[in-house]
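**Student:** Got a sequence here, can you build the structure:
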Amino acid sequence: MAHTSPLVPAVELAKRNGMTFPNESDAYRQARNALLAEEIELRRHIERVAEQRRALPPGGEVSGDYRFEDEHGPCDFAALFGDKQTLVVYSFMYGPQRERPCPMCTSMLSAWDGEARDMEQRIALAVVARSPIDRLLAFKKQRGWRGLHLYSDTNGLFSRDYHGIGEDGGDDAAVNVFTRRDGTIRHFWSGEMGMETSDPGQDPRGAPDLMPIWTVLDMTPEGRDPHWYPRLDYGN
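**Tutor:** All right, here's what the predicted structure looks like:
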């Protein structure tokens with residue numbers, strides 16, 4: 001993130017805020033402007049982290065014998081890129097040993113489904129799971145997903161190499177980004193935050209947070225409950 005001049009301090013930018021709301025107290029406005037300064041700093045930190053991520057050295061070359069199948073038939077890893085040079089792969093926790101898929105994965109992918117066509121203006125997006133493709137497509141239809149491209153990892157090698165399988169052999173959620181430059185496919189970035197990097201009183205979430213639901217809940221007085229998670233179905 002290049003700047004031709006130093007950034008104005010966040011506190012100074014917050015002072016320029018002219019917004020007020022009916023019947024608010026002076027104490028509320030003072031606290032809200034202090035919070036606004038922190039929000040400005042958070043925005044800047046997010047951009048600094050994104051800049052550092054973009055500046056990573058080239059990752060490892062992708063060389064495994066990865067085999068997939070989508071609704072059109074078998075395909076190799078390169079086919080997941082389509083005509084794009086960058087590929088985001090989400091490892092969906094819906095392996096053959098599961099009766100139903102992971103509710104958290106499903107919640108997140110339902111949100112992504114609405115954005116998939118927009119994302120694919122710039123990147124390729126693939127959802128990979130170890131269940132047979134017919135099973136994945138049946139669930140896609142059930143959920144009403146229209147924009148996501150689902151792939152069965154038919155030999156399981158991709159899931160094993162890129163952390164879609166846990167130490168116990170069960171599913172793990174994973175997100176990986178790959179690049180294709182000058183004909184060479186490389187790993188670029190992966191989410192690496194989990195139980196080992198979690199903070200007390202919080203669920204082991206990563207950053208950036210991939211689930212829009214948590215961003216919305218973080219704006220509310222209730223916040224996110226570390227003991228509540230989305231479900232596949234709800235009663236009336």
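
**Student:** Could you report the pLDDT at the most centrally placed residue in the chain?
**Tutor:** The centroid of the chain falls nearest to Leu210 when counting by C-alpha atoms, centre = their mean (3.1 Å). Here the pLDDT value assigned to Leu210 is 92.

**Student:** Keeping just the C-alphas, turn the worst-scoring helix or strand of the chain on mean pLDDT into CSV.
**Tutor:** Ranked by mean pLDDT, DSSP states H and E, the weakest helix or strand in the chain is helix 212-217, scoring a mean of 91. This file holds the C-alpha atoms of helix 212-217, laid out as CSV (Å, rounded to 0.1, in the frame of the first residue of the first chain):
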residue,chain,number,x,y,z
PRO,A,212,-20.1,-12.8,6.7
ILE,A,213,-22.4,-13.9,9.6
TRP,A,214,-19.8,-13.2,12.2
THR,A,215,-19.0,-9.7,10.7
VAL,A,216,-22.7,-8.8,11.1
LEU,A,217,-23.0,-10.2,14.6
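
**Student:** quick one on the thing from earlier: so the residue nearest to the centre of the chain sits right up against Met108, yeah?
**Tutor:** Yes - here Leu210 reaches Met108: they are 5.8 Å apart, a contact under C-beta atoms under 8 Å. To be clear about C-beta, it is placed using only N, CA and C from the backbone, and glycine gets the same treatment.

**Student:** Strands of the protein, residue ranges please.
**Tutor:** 67-70, 73-76, 86-91, 124-129, 150-153, 174-181, 184-190 (DSSP state E).

**Student:** buried stuff in the third one?
**Tutor:** Neighbour counts over strand 86-91 (16 or more other C-beta atoms under 10 Å) mark Leu87, Val88, Val89, Tyr90, Ser91 as buried.

**Student:** which other residues reach it?
**Tutor:** Applying C-beta atoms under 8 Å, 6 or more residues apart in numbering, the contact partners of strand 86-91 are 80-81, 105, 108-109, 112, 119, 122-129, 159, 162-164, 171-180, 188.
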